[in-house]
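*Asks:* Got a predicted structure plus its sequence, pasted below:
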Amino acid sequence: MRKTTKSPSEKIVKDIKRATRKQYSSEEKIRIVLDGLRGEDSIAELCRREGISQGVYYKWSKDFMEAGKRRLAGDTARAATTDEVKDLRREARDLKEVVAEQTLALRLLKKSMVGDGGDQE
């Protein structure tokens, strides 16, 4: 079996193609998928016009449909950002401290009532 090795120039060309590949935003992907669903042009024509392969289009289409299905099924969970998580943890810690302080104050109040001869519940 013959092993083919890429020449340095082939590697450079491949790296340039990879580095200059267009990145599509979510909005662009949705627009392209919706254009395909409208059926005004063939998927092949749409993909040529947009500069993507048909495989990429069908993957985006599948992802789009799956996301819609999850949303319609009521799965509205979203990924929280790190800052949101930190803020929620800080708030939870602060609330726990307040509960601990209130519990301690209640216990001290009950002890003082027992010590003064007050009624114990």
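*Replies:* Structure received.
*Asks:* Do a quick rundown of the helices in the chain.
*Replies:* Assigned by DSSP state H, the helices in the chain fall at 8-19, 26-38, 43-50, 54-72, 82-115.
*Asks:* Confidence-wise, which of the ones you listed is weakest overall?
*Replies:* With a mean of 82, helix 8-19 has the lowest mean pLDDT of the helices of the chain.
*Asks:* ok so, going back, now the helices of the chain as CSV including mean neighbour count?
*Replies:* In short, each C-beta sits where N, CA and C put it, glycine included. As requested, the helices of the chain are exported to CSV (neighbours: other Cβ atoms under 10 Å):
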stretch, mean neighbour count
helix 8-19, 10
helix 26-38, 14
helix 43-50, 14
helix 54-72, 13
helix 82-115, 10
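*Asks:* quick one: residue 86 and residue 97, what's the gap?
*Replies:* Going from residue 86 to residue 97 by Cβ to Cβ, to the nearest Å gives 17 Å.
*Asks:* so how far is residue 36 from residue 62?
*Replies:* Per Cβ to Cβ, residue 62 is found 12 Å from residue 36.
*Asks:* should've said residue 11
*Replies:* 34 Å.
*Asks:* Domain ranges for the chain, per the record?
*Replies:* The chain breaks down by automatic domain parsing into domains covering 22-77, 79-121.
*Asks:* Make JSON lines from those domains and add distance to residue 16 to it.
*Replies:* JSON lines is the format used below for the domains of the chain (distance: least, Cβ to Cβ, whole Å):
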{"stretch": "domain 22-77", "distance to residue 16": "14"}
{"stretch": "domain 79-121", "distance to residue 16": "33"}
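*Asks:* Among those, which comes closest to residue 5?
*Replies:* Among the domains of the chain, domain 22-77 comes nearest to residue 5, with 26.5 Å by Cβ to Cβ.
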